[in-house]
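Colleague: fold the following, please.
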Amino acid sequence: MISGLYLITDDNRDGKLLTKVNAALVGGAKVVQYRAKDIRPDNRRDMAEKLKKLCDNHNAKLIINDFPELANEIDAAGVHLGQEDISVSQARLLLGHDKIIGVSTHNVDEALKAEVHGADYVAIGAIFPTSSKDNVTAVGIKTLHMVRKAVRIPIVAIGGITPNGAYEAINAGADAIAVISGIMSDSDPARATKEYALLFNRNNPAPNGKVLTIAGSDSSGGAGIQADIKTITLLGSYASSVLTALTAQSTLGVDVTYVINTDFVEKQLVTVLDDIGTDTIKTGMLSWSGIVSCVAKIIEERSLLAVVDPVMVAKGGASLLNESAHETLISRLLPQSYLLTPNLPEVKVITGFEPQNVSEMIEAGRNLQELGARNVLIKGGHLDGDATDVLLLGDIEHQLVSPRHNTINTHGTGCTLSSAIATFLAQGYPLKAAVERAKRFVTLAIELSVPIGGGHGPVNHIQAAMQLLHEPTAID
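Modeller: Got it, this is the predicted structure:
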């Protein structure tokens, strides 16, 4: 069965093919297709054997492009054929019935023909315009949907597929998504792969997706690890947790903080990850530089997809991150952030200036990306007017606007937002959709809040979740 993330190798011009493929396998690639028409046969075989070993180590399948003889010689999982290559029946004679044979197709007729002739899967594309092949016409999502209705064998969608496009293709019936440059050209192939691989969680039963929160305890229950676990669970995922600190606090503020030993934080992390694992991580209060370094190290070593909320100051003004840890957070944790979610005061601590408008928020976001954050969400709740956040996805900018509600019950909004984003990512939403849905959840939680305590009360997680889960999801 062909399913999941299907990696197609590049031309290895930089000589890093094995390193990048290994990273992609760590990130969750299920199939690797080796393309190597233009190299010497002995070099081709040597590389194929090395790729086969990597795939075996990660329980992934190696498919050889165009060369059934090579697939047979190295005992690869199978071969992929183009429309101009030998027939499926000829390949079957060479490989036998235990090997996988796939065929490139561009329409329903070609897909039906491949199925009738005994193909085990078909690749359909290019779904979107692509630069990897010249003179290729995009067939579109509609054709993919038609092929899904026509054939019973697995379908691999290929061609110009971004994570948003992959989400569309999976919803249209693709069993696997083929990606080349989106992973092979990325500076971080493991996390790029994981971003695609998580999209296949969309149709899993509840609890859908695993989220690990690393944060401090809020004894009032409104923020911190309590807010995270409420959010993750109510939205339908499985929550695991690592405590970094204990606080004695109420809606009026933080009275006392007790920092947990770094060795015990690491022990919690390793114990959970080695047994349960996780799809995404959310970090919150990390207290001091030792914990920051420990968390950053494990995120890097395991290529984890981390939503980093750089918690520094509580709403009441109490410090939640030792000042000496600021530099550690900037130098160690920011470069491991899949998404960084600072508010404006936190932006000021990290960059040296506090944005006063949207254009300055965008400028600050670019500065944060230069410091290493892959994507950035700057929360504009401290500005006047509507609550406008700025989301930077690589080079692309988005402004997310929601109405401001006149209430003091906003305790835990940052924790709730970042854990909701991590949850929706784990459930298979592409990043922009995950952020938009999480922002909607927080907006509802503020709007539906009820007074609890004598100060900044918590948001209403349960009513917000009940309403959100009955609303349709829009992906653009």
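
Colleague: so residue 453 sits in a helix?
Modeller: No - Residue 453 sits outside any helix when classified using DSSP: H, G, I helix; E, B strand; the rest coil, being coil.

Colleague: how is the chain carved up into domains?
Modeller: Domains of the chain are assigned by automatic domain parsing as 4-201, 210-468.

Colleague: turn these into JSON lines, columns for mean pLDDT and mean neighbour count.
Modeller: Every residue, glycine included, has its C-beta placed from N, CA and C. JSON lines is the format used below for the domains of the chain (pLDDT from 0 to 100; neighbours: other C-beta atoms under 10 Å):
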{"stretch": "domain 4-201", "mean pLDDT": "94", "mean neighbour count": "19"}
{"stretch": "domain 210-468", "mean pLDDT": "94", "mean neighbour count": "20"}
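
Colleague: residue most distant from the centroid, this structure?
Modeller: Going by C-alpha atoms, centre = their mean, the residue of the chain most distant from its centre is residue 93, 41.0 Å out.

Colleague: ok, and the closest non-adjacent residue to the residue nearest the centre of the chain?
Modeller: Centrality entry for the chain: nearest residue to the mean C-alpha point is residue 195, 3.3 Å, by C-alpha atoms, centre = their mean. Excluding the flanking residues, the one nearest residue 195 by C-beta to C-beta, 6 or more residues apart in numbering is residue 163, at 5.4 Å.

Colleague: returning to that earlier point: quick one: the residue nearest to the centre of the chain from residue 304, how far?
Modeller: With distances taken as C-beta to C-beta, to the nearest Å, residue 195 is found 12 Å from residue 304.

Colleague: list the contacts of residue 313.
Modeller: Residues near residue 313 by C-beta atoms under 8 Å, 6 or more residues apart in numbering: 319-321, 345-346.

Colleague: which one of these is nearest residue 78?
Modeller: Nearest to residue 78, judged by C-beta to C-beta, of the contacts of residue 313 is residue 346 at 50.2 Å.

Colleague: for the closest one, helix, strand, or coil?
Modeller: Assignment for residue 346 (three-state DSSP): helix.

Colleague: so who does it touch?
Modeller: By C-beta under 8 Å, 6+ apart, the neighbours of residue 346 are 310-313.

Colleague: now the residues you listed in JSON lines, please, with extra columns for distance to residue 251 and secondary structure.
Modeller: Below are the contacts of residue 346 laid out as JSON lines (distance: C-beta to C-beta, whole Å; DSSP: H, G, I helix; E, B strand; the rest coil):
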{"residue": "310", "distance to residue 251": "23", "secondary structure": "coil"}
{"residue": "311", "distance to residue 251": "18", "secondary structure": "coil"}
{"residue": "312", "distance to residue 251": "20", "secondary structure": "coil"}
{"residue": "313", "distance to residue 251": "16", "secondary structure": "strand"}
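
Colleague: could you list every helix and strand that the helix or strand in which residue 166 is found packs against?
Modeller: Element membership of residue 166, judged by DSSP states H and E, is helix 163-171. Using 3 or more C-beta pairs under 8 Å, 6 or more residues apart in numbering; DSSP states H and E, the elements in contact with helix 163-171 are helix 140-150, strand 176-179, helix 189-197, helix 431-447.

Colleague: again, only this time at 7 Å
Modeller: Contact here means 3 or more C-beta pairs under 7 Å, 6 or more residues apart in numbering; DSSP states H and E; on that basis helix 163-171 packs against helix 140-150, strand 176-179, helix 189-197.

Colleague: nearest to residue 68, out of those?
Modeller: Residue 68 lies closest, by C-beta to C-beta, to one member of the helices and strands packed on helix 163-171: strand 176-179, at 19.3 Å.

Colleague: the stretch 101-250 of the chain: helices as residue ranges?
Modeller: 108-116, 140-150, 163-171, 181-184, 189-197, 224-234 (DSSP state H, counting those that start in this stretch).

Colleague: same question, the stretch 351-476 of the chain
Modeller: Counting by DSSP H, counting those that start in this stretch, the helices of the stretch 351-476 of the chain are 358-370, 413-426, 431-447, 461-468.

Colleague: would you turn these into CSV with distance to residue 124?
Modeller: Formatted as CSV, the helices of the stretch 351-476 of the chain follow (distance: least, C-beta to C-beta, whole Å):
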stretch, distance to residue 124
helix 358-370, 35
helix 413-426, 27
helix 431-447, 24
helix 461-468, 34
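
Colleague: those: which one's closest to residue 262?
Modeller: Of all the helices of the stretch 351-476 of the chain, helix 413-426 comes closest under C-beta to C-beta, at 21.5 Å.

Colleague: for that closest one, packing partners?
Modeller: Helix 413-426 packs on strand 210-218, helix 224-234, strand 280-283, strand 306-308, helix 431-447, going by 3+ C-beta pairs under 7 Å, 6+ apart.

Colleague: of those, which is nearest residue 271?
Modeller: strand 210-218 (11.2 Å).

Colleague: now the closest one: how far from the chain's centre is it?
Modeller: 18 Å (C-alpha atoms, centre = their mean, to the nearest Å).

Colleague: before we move on, what about stretch 157-173?
Modeller: 15 Å.

Colleague: would you put the C-alpha positions of it in PDB?
Modeller: This file holds the C-alpha atoms of stretch 157-173, laid out as PDB (Å, rounded to 0.1, in the frame of the first residue of the first chain):
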ATOM      1  CA  ALA A 157      -0.700  13.400  -6.300                       C
ATOM      2  CA  ILE A 158       2.300  15.100  -7.700                       C
ATOM      3  CA  GLY A 159       3.400  18.500  -9.100                       C
ATOM      4  CA  GLY A 160       3.800  21.900  -7.400                       C
ATOM      5  CA  ILE A 161       2.300  20.800  -4.200                       C
ATOM      6  CA  THR A 162       2.700  23.100  -1.200                       C
ATOM      7  CA  PRO A 163       1.300  22.100   2.200                       C
ATOM      8  CA  ASN A 164      -2.000  24.000   1.400                       C
ATOM      9  CA  GLY A 165      -2.100  22.200  -2.000                       C
ATOM     10  CA  ALA A 166      -1.500  18.900  -0.300                       C
ATOM     11  CA  TYR A 167      -4.400  19.500   2.000                       C
ATOM     12  CA  GLU A 168      -6.600  20.000  -1.000                       C
ATOM     13  CA  ALA A 169      -5.200  16.900  -2.700                       C
ATOM     14  CA  ILE A 170      -5.800  14.700   0.300                       C
ATOM     15  CA  ASN A 171      -9.400  16.000   0.600                       C
ATOM     16  CA  ALA A 172      -9.800  15.200  -3.200                       C
ATOM     17  CA  GLY A 173      -8.800  11.600  -2.600                       C
END
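
Colleague: contact partners of that stretch?
Modeller: Here stretch 157-173 makes contact (C-beta atoms under 7 Å, 6 or more residues apart in numbering) with 123-130, 136, 138, 141, 144-145, 148, 155, 174, 177-179, 182, 195-196, 199-200, 202, 430-431, 475.

Colleague: what's the end-to-end length of stretch 249-265?
Modeller: One end of stretch 249-265 to the other measures 21 Å (C-alpha to C-alpha, to the nearest Å).

Colleague: end to end, how far does stretch 321-330 reach?
Modeller: End-to-end distance for stretch 321-330, by C-alpha to C-alpha: 13 Å.

Colleague: helix or strand right after the longest strand along the chain?
Modeller: Assignment by DSSP state E gives strand 238-250 as the longest strand of the chain. Sequence order places strand 253-259 as the next helix or strand after strand 238-250, per DSSP H and E.

Colleague: that following strand versus strand 238-250: what angle between them?
Modeller: Angle between the axes of strand 253-259 and strand 238-250 is 120 degrees (criterion: axes from the mean of the first three to the mean of the last three C-alpha atoms, to 10 degrees).
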